[in-house]
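Peer 1: Quick one, structure for this:
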Amino acid sequence: MSMKRLAATQYRAIAGRAAPLSQLVMPGEGWIATIRKALGMSGAELGRRLGVTRARVSQAERAEREGGITLKAMEQFAEAMGCRFVYAIVPPEGRVESLVAAQARRKAEALVARASAHMVLERQALPEKKNRAEVERLARELMEDMPPDFWTGE
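Peer 2: Numbers count the residues shown, from 1 in each chain. Here you go, the predicted model:
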């Protein structure tokens, strides 16, 4: 196994740890307000724990809902509530492999379609079943080799 392939495998294993989060959606009020209220903690108490005003807590809760809060602030608020802040980028289906397979299929379909168009002009078209088999073979090859242009185009 090449070093590049080994590194990709290791990165995928790390990314796979976030898979359970793939269905997680931010609550309408945001995580800070939701957890604070679940704990029965007032905004004033959270502010006291952070050394800020209740108005600053409200401002942070609003900023979180609007996507304007920093990761550092989220971490501070989480710690002040006795929680841990978790940050992840998660593929929709929870698996990086699904994204790689979908891209390999798109590239393979485009390559086979291009070749088929030329073959039709030369009256050498392959049956649809053979085209599908070639797409599958080529997709597996693309996933294995991951050429430099893997994420460009198709």
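Peer 1: Next one, pLDDT for Leu6 please.
Peer 2: Per-residue pLDDT puts Leu6 at 88.
Peer 1: where does this structure have its least confident helix or strand?
Peer 2: Within the chain, no helix or strand scores below helix 96-121, which has a mean of 84 by mean pLDDT, DSSP states H and E.
Peer 1: Pull out the buried positions in that helix.
Peer 2: By neighbour count on 16 or more other CB atoms under 10 Å, the buried set for helix 96-121 is 96, 100, 103-105, 107-109, 111-112, 116. (C-beta placed from N, C-alpha, C; glycine too.)
Peer 1: Helices along the protein, start to end?
Peer 2: Ranges of helices in the chain, per DSSP state H, are 3-16, 31-38, 43-50, 54-66, 71-80, 96-121, 128-145.
Peer 1: Relative to Ile89, which of the ones you listed is closest?
Peer 2: Proximity to Ile89, assessed across the helices of the chain by CB to CB, is greatest for helix 3-16 (8.0 Å).
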